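> sequence plus predicted model, see below.
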Amino acid sequence: MFDTGAAFSVSKKLFEEIKLTKKGSVSVLDASGRKEELIVTSLPKLQLGEITFLNTEGFVLPETASQMFDCFQIDGIIGSNMLRNSVVQFDDAQKLITITDNSKNLNLKKVPFQEIKLTQSQSNPRITLVLQKGNEKLADNVLFDSGADKFYDMSYEAYKFFNSKKTVIEVINESKGTYVWGIHGFDDIKPQAIVNIPSILVNNYKFENVKVLTTSGNESRIGSQLLKFGKATIDYATKKFYFEPTSKIENFNEISKKPWGISPIISDNKLVVGIIWDKSLEEKINLGDEILKVDEINYENLNLCDLFKSNDKIETQKSVVKLKDIHTNQIKIVEVKRL
């Protein structure tokens with residue numbers, strides 16, 4: 001997995017298979033905001049195409065991450081700490097990641113860019129998004145995280161700041177629960193929010209009416225959904241971020257879609273309700289209720305890997321959901337709509 005929001009890591013299985021050495025341990029914060037100790041190791045040599053990485057230090061992924069990564073046949077993470085002297089370009093349209101040591105190889109002369117900062121320990125790239133409503137503008141300094149599957153996840157701390165200003169975001173709803181997954185698993189139950197942002201500017205390219213869920217992690221992030229709209233290039237050496245739309249940015253359906261009334265999570269190998277966003281459902285549904293069926297999709301007998309692969313694929317405007325009550329085991333049928 002190629003993840004600019006993480007450091008180089010290997011699965012525990014690979015760590016043991018190739019007999020890597022434990023160099024110590026360190027406390028690591030994941031995307032959900034949870035912190036746990038991870039084993040530190042070093043890989044003597046890694047060949048990636050024509051590029052050789054020598055003596056790369058990184059982490060051994062915990063069992064909670066290995067369960068999901070095994071489903072997708074992922075043995076580890078190519079992270080930002082390996083790329084400090086590189087220029088990396090993501091071209092989703094061509095299904096291509098290019099790594100070079102010279103930006104001139106990528107024809108970037110006329111492509112708009114912004115100066116970026118790299119985190120001190122892992123060199124994770126942080127870019128600036130501009131949030132706009134009418135003439136009001138505020139900035140969010142976010143992690144460019146190619147390992148995140150959403151467009152923009154706003155940290156809850158950033159949400160509190162923007163909400164206090166009452167200028168650039170429109171609050172759709174607030175709730176308590178969990179839906180954010182990191183390498184240490186799902187987060188604990190915490191306050192979260194859904195907002196609409198009239199405009200988000202990435203290197204002066206405008207995305208309109210973006211629906212955003214907050215995250216418990218300590219930083220906001222922009223994820224791989226950005227790559228559906230154009231090529232992104234990170235020049236780690238000169239600390240620049242380029243974004244070049246592949247066509248006119250006008251198809252906002254994916255990022256402007258209203259969220260579903262509940263957010264599912266996986267718990268004890270079952271699909272369950274993690275957050276109830278629709279207040280009208282709070283007397284019908286509990287946090288932790290098992291989701292057995294959504295319309296014609298039966299989740300009851302799916303194994304863990306099938307659940308991971310199907311967890312985020314509910315596309316309808318409204319659905320009939322079959323649930324098992326966490327308190328009574330009663331089976332109930334509830335209609336769930338988009339907000």
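Cool, got the structure. Residues are numbered from 1 along each chain as shown.

> which helix or strand lies directly C-terminal to the host helix or strand of Lys211?
With the criterion set as DSSP states H and E, the secondary-structure element containing Lys211 is strand 205-215. Helices and strands here follow DSSP H and E; after strand 205-215, the next one along the chain is strand 221-222.

> report all helices and strands that that next one contacts.
Under the contact criterion of 3 or more CB pairs under 8 Å, 6 or more residues apart in numbering; DSSP states H and E, strand 221-222 touches strand 136-144, strand 152-155. C-beta: built from backbone N, CA, C; applies to glycine.

> can you pull the contacts of the residue nearest in space to the middle of the chain?
Against the mean C-alpha coordinate of the chain, by CA atoms, centre = their mean, the closest residue is Ala148 at 2.5 Å. For Ala148, the contact set (CB atoms under 8 Å, 6 or more residues apart in numbering) comprises 5, 31, 221-224.

> switch the cut-off to 7 Å
Ala148 makes contact with 5, 31, 221, 223-224, according to CB atoms under 7 Å, 6 or more residues apart in numbering.

> tell me the two of those residues that are most distant?
For these, the farthest-apart pair by CB to CB is Ala31 and Ser224; their separation is 13.0 Å.

> more neighbours, the two?
The residue with the greater number of neighbours, taking Ala31 and Ser224 and applying other CB atoms under 10 Å, is Ala31; the counts read 25 against 21.

> retrieve the pLDDT associated with the more buried one.
Here the pLDDT value assigned to Ala31 is 53.

> the closest residue to Ile200 other than its chain neighbours: neighbour count?
Excluding its sequence neighbours, the residue lying closest to Ile200 (CB to CB, 6 or more residues apart in numbering) is Phe207, at 4.7 Å. For Phe207, the count of nearby residues is 19 (other CB under 10 Å).

> my guess is Phe207 contacts Ile255. True?
Yes - in this structure, Phe207 sits in contact with Ile255. The criterion is CB atoms under 7 Å, and the distance is 6.3 Å.

> outline the domain layout of the protein.
2-88, 104-256, 262-337 (automatic domain parsing).

> nearest to Lys95, out of those domains?
When the domains of the chain are compared by CB to CB, domain 104-256 sits nearest Lys95, at 10.4 Å.

> what's the end-to-end length of that closest one?
Between the opening and closing residues of domain 104-256 lies a distance of 35 Å (CA to CA, to the nearest Å).

> any idea how far it is from the chain center?
Going by CA atoms, centre = their mean, to the nearest Å, the spacing between the C-alpha centre of domain 104-256 and its chain's C-alpha centre is 10 Å.
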